[in-house]
Structures are given as C-alpha cells and as structure tokens.
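> Structure of the sequence below:
(one chain, ligands or ions: 1)
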Amino acid sequence: MTLDWTTRFSARAAGMTASEIRELLKLLDRPDVVSFAGGIPDPELFPADAVANAYERVLTSNERKLAALQYSVSEGYGPLRAHLAEGAGVGVENVLVTNGSQQGLDFIGKLFVGPGDRVLVTSPTYLGALQAFSPYEPAYDVVAMDEEGPLPDALEARLAAKPRFFYLVPDFQNPTGITVSLARREAIVALCARHGVPIVEDAAYTRLRYDGQDLPSLLELDRARAAGEGGFDAAGNVLYLGTFSKTLVPALRVGWVVAPADPLRRLVLIKQASDLHTSTINQMVALEVAMTTLDRQIPRLRAVYRERRDAMLAALSRHMPAGVSWSRPEGGMFVWLTLPAAVDGARLLARCVEGARVAFVPGAAFFPDRSGTNTIRLSFSLAKPEVAAPAIGRLAEAVGALAQ
Ligand SMILES: Cc1ncc(COP(=O)(O)O)c(C=O)c1O
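Next up, the predicted model:
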C-alpha cells in the first residue's frame, strides 16, 4: 500500500508552498529569457579571490586551522561577534551569528509566534519573511506604505492590537525599493516603543546605497531612545538582522541578529537546537574578507548597480505606456511597477516568458492577502544595460497589449 504522505504532515507543513521566486529562478537557465526576477547579486562582482585567499590563510594558520574545522559555540565566532557588535554599537552579548539572515527570520518566528498570534508586516513585504514566519501560523496584520514608508496613522491603529512584532525592511525594500524617511523612522521607533511592540528590522540591502544620505537604522534610533531608559538591554525594542550576502557572497551563509540580551539568549537556545552553530570556517572567512575587502567592495558594487538602476529607470521612462508608475529606489536591487488595474502581473509573466522573453516576479506574492495583482517587481542587479534596455521595451509592449 502506498502511503499518502499528506495525511502524516503537520498542519504547519501542509501550509507550505514552493516559493514562486525559487520556481522563477529556474528561468534563469533559459538563455533566451532576460530575467529581472531573482534579487541575487551579480556573481561577476564576487570578491572570489579574496574569499579563496581567506580560506587559504585560515587553513594554513597554526592558530586557527583546527578550530576552523571544529564544532564551535552557538553564539558565533568570538572575533566576528566582536566586530559586528562594534559596528552596531552594542555589546558582544547582543549579537548572534546566523546561517544568513533568513535563519534569523525563522528563529524570530519560532521565538515570538504561536498559532493565531498577530504579526504586523508592511504591505507589500519580503516574501521570504512571510515564508519564514508562516509555519508558526500567525495571523498577519498589514500596514500600507507610501513612498516614505509605512503610514504612521495606519501603524498606530495596528499597534493597538498588540502584534507580536512589526517586521519591515527600511532601506531599499525588497520588493518595492522604498526607503523609510528619517521622520517615519523616528515615528516608528517611538510608536512601537510606546505600544510595547518589538520591531524586527531587516537590513539586508542597507550598504547598497547609490544616492542620497545614509539614514540611521531603527536600531540606532532605538538605542538612543533606550539610553534614557536604562539602556538597550533594559529598554531596547529592536531586533536587527544583518547579512554579508549582498555585500560579500551569499554562499558563506553568514548573517547576524542584534537584539537586547534577553531575546538574544533565547535565540541562542533556538540556534543550538536547530543547527548547533554556523560553519566555523565560514565565519572566520567572512570576518577576514569583511576586514580586508569590504571597504573596497562596496564602492565597486555601488558603481555597477547604480549604472544598472539608472539604465532601467531610463528604459522604463522611454518605453512604458501611460498608466504605469514605478518606484525610483536610492539603492538595493529592485524597482516596483504598478500597472493599470486591469493588468494581472501573473498573466503578464506567462505571456512575457514565451513572447517577450522577459521574466520578473508578479507582485501579489509579496502581499500577505495576495492583493496587488497589478504590481510587478523588477530586479536590476543582473541587468546589463545593453540587454536590459531592449528587454524593458519588449515588456512595455506586452503591458500595453494587456492594458487594452
Ligand atoms: C529583505 C531580505 N531579507 C533577508 C534575505 C535573506 O538573505 P540571507 O539569508 O542570504 O542573509 C533576503 C534575500 O534576498 C532579503 O531580500
């Protein structure tokens, strides 16, 4: 008798579906399709030699080579934690190294969310965060955004329902490219503290700024607020997620969580139960490459991605029909398009992959309630201008045809 496995799966697993983004990434293998779908860094920009040299140095160092290959503590490699703590202006005890920031999202879901608990997210939000939280069976509340970020009045109304936390990506958001203004950051930090709702700040793209001024993180603003109330451990309200995936290489899988000591200690226990620790050698390599290469790497990434963003925005202006609007991100990897109401992003994609030979992500996937059917996300991180500009032209024609 064949076993019907679905009768054995937990309710949590039954709700899991394949990521539309992962499915779409398969399209990257088709050489005739220009893909604006995956939000991945351009591998041609990877500091591959620096990574190779760092592995070599670690594995030939008498002090480090055996430790590099051994089990290590769940909190993370001490010198890396110290480096990250210094960058964040917190103590070492406030930092946990994770297997990418995606693992931090999962652990935060595990720590805070039980079936039916409210979780507040922006609408739209990072699909991977929804996938990380959803197995813990939250009920999502959403707060709408404009070009300055979440709307404070809507936020305040949602905070009154006491969600477990408010998750947002304040810089060059995945998927919209929107950056939360300083005034909104201050309002969010004050409102969430007043309502006792922790903020989960996902800073995956923060270092990839192409114009404008760096803004203080929510963590920084919250630390300043908490300083007057006994300090970050006593009164801090932000859990901050960092990663080397977008600035160095994603394959090291080194990310980190910064949090007040109490939740941080719980996250360490979760880490221990989940995978014991992040690869020791990869943490050592990440630290080495961060110290030797990051300052050179970031201007390089900024120059290339800025040019690609500019080329995409110029092509959109040149080709898109009336009734289409889009974000003008100051950094990151994404431009967000709002199409005429009648144009369904998923239908457009099906048409484009075959006809226009262009791929992107339909926006509905980023809305917890699957609204936003007339939105799409374009990533410019792999978009070389000479290929991207004509592809945007073909996309615009397909939009025009569907809009009629
Ligand atoms: C907003 C955001 N957060 C987190 C991640 C996960 O990154 P990683 O696990 O590689 O650190 C991504 C990756 O695309 C992202 O876009």
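
> Do I have it right that residue 398 meets residue 350?
No. Contact criterion CB atoms under 8 Å: residue 398 and residue 350 do not qualify, at 10.3 Å. The way it works is simple: take the backbone N, C-alpha and C, and place the C-beta from them, glycine included.

> buried set for stretch 385-393?
Residues of stretch 385-393 classed as buried: 388-389, 391-393 (neighbour count, 16 or more other CB atoms under 10 Å).

> now, which of these lie within helices?
Among those, the members found in helices (DSSP state H) are 388-389, 391-393.

> Reformat the residues you listed as TSV; add distance to residue 73 and pLDDT.
Output for these, formatted as TSV (distance: CB to CB, whole Å; pLDDT from 0 to 100):
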residue	distance to residue 73	pLDDT
388	45	95
389	50	95
391	48	96
392	49	97
393	54	97
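
> Name the nearest of those residues relative to the ligand.
Nearest to the ligand among these: residue 388, at 19.8 Å, using CB to the nearest ligand atom.

> List the contacts of that closest one.
Counting by CB atoms under 8 Å, 6 or more residues apart in numbering, residue 388 touches 34, 36, 308, 311-312, 315, 380.

> Out of those residues, which comes closest to residue 17?
residue 36 (22.6 Å; CB to CB).

> List the contacts of the closest one.
Going by CB under 8 Å, 6+ apart, residue 36 touches 358-360, 377-380, 382-383, 388, 391.

> do that again at 7 Å, thanks
For residue 36, the contact set (CB atoms under 7 Å, 6 or more residues apart in numbering) comprises 358-360, 378-379, 383.

> Check residue 165 too.
Applying CB under 7 Å, 6+ apart, the residues near residue 165 are 112, 119, 197-200.

> What about the contacts of residue 36, which one has the most neighbours?
residue 378 (28 neighbours; other CB atoms under 10 Å).

> Establish whether the strand or helix carrying that residue and the ligand are in contact.
Per DSSP states H and E, residue 378 falls inside strand 375-379. No. Using CB under 6 Å from any ligand atom, we find that strand 375-379 stays clear of the ligand, coming within 9.8 Å at best.

> Identify the residues contacting the residue of the chain found nearest the ligand.
Nearest residue of the chain to the ligand (CB to the nearest ligand atom) works out as residue 100 at 2.6 Å. Contact analysis of residue 100 by CB under 7 Å, 6+ apart lists 243, 245, 253, 255.

> out of those residues, which touch the ligand?
Contacts with the ligand within those, as defined by CB under 6 Å from any ligand atom: 243, 245, 255.

> which one of those sits closest to residue 334?
Nearest to residue 334 among these, with distances taken as CB to CB, is residue 245, at 15.0 Å.

> Can you report how many residues lie near residue 89?
14.

> what number of residues lie near the residue nearest to it when sequence neighbours are not counted?
Distances taken as CB to CB, 6 or more residues apart in numbering put residue 223 closest to residue 89, at 6.2 Å, once the chain neighbours are dropped. Here the count is done by other CB under 10 Å, and residue 223 has 25 residues near it.

> repeat for residue 276
Residues near residue 276, counting by other CB under 10 Å: 11.

> what does residue 299 give?
Counted with other CB under 10 Å, residues neighbouring residue 299 total 9.

> same thing with residue 397?
Neighbourhood size, residue 397 [other CB under 10 Å]: 15.

> Give me the distance between the closest residue to it other than its chain neighbours and residue 393.
Spatial nearest neighbour of residue 397, excluding adjacent residues (CB to CB, 6+ apart): residue 356 at 6.8 Å. Per CB to CB, to the nearest Å, residue 356 is found 9 Å from residue 393.

> Next one: residue 9 from residue 387, what distance?
In this view, residue 9 and residue 387 are 42 Å apart by CB to CB.

> Equivalent analysis for residue 215, please.
To residue 387, residue 215 is 33 Å away according to CB to CB.

> just residue 248 next, same as before
Using CB to CB, we find residue 248 at a distance of 26 Å from residue 387.

> and if you look at residue 203?
Per CB to CB, residue 203 is found 30 Å from residue 387.

> wait, what's in contact with residue 308?
If a contact means CB under 7 Å, 6+ apart, then residue 308 has 380-381, 383, 385, 388 as its contacts.
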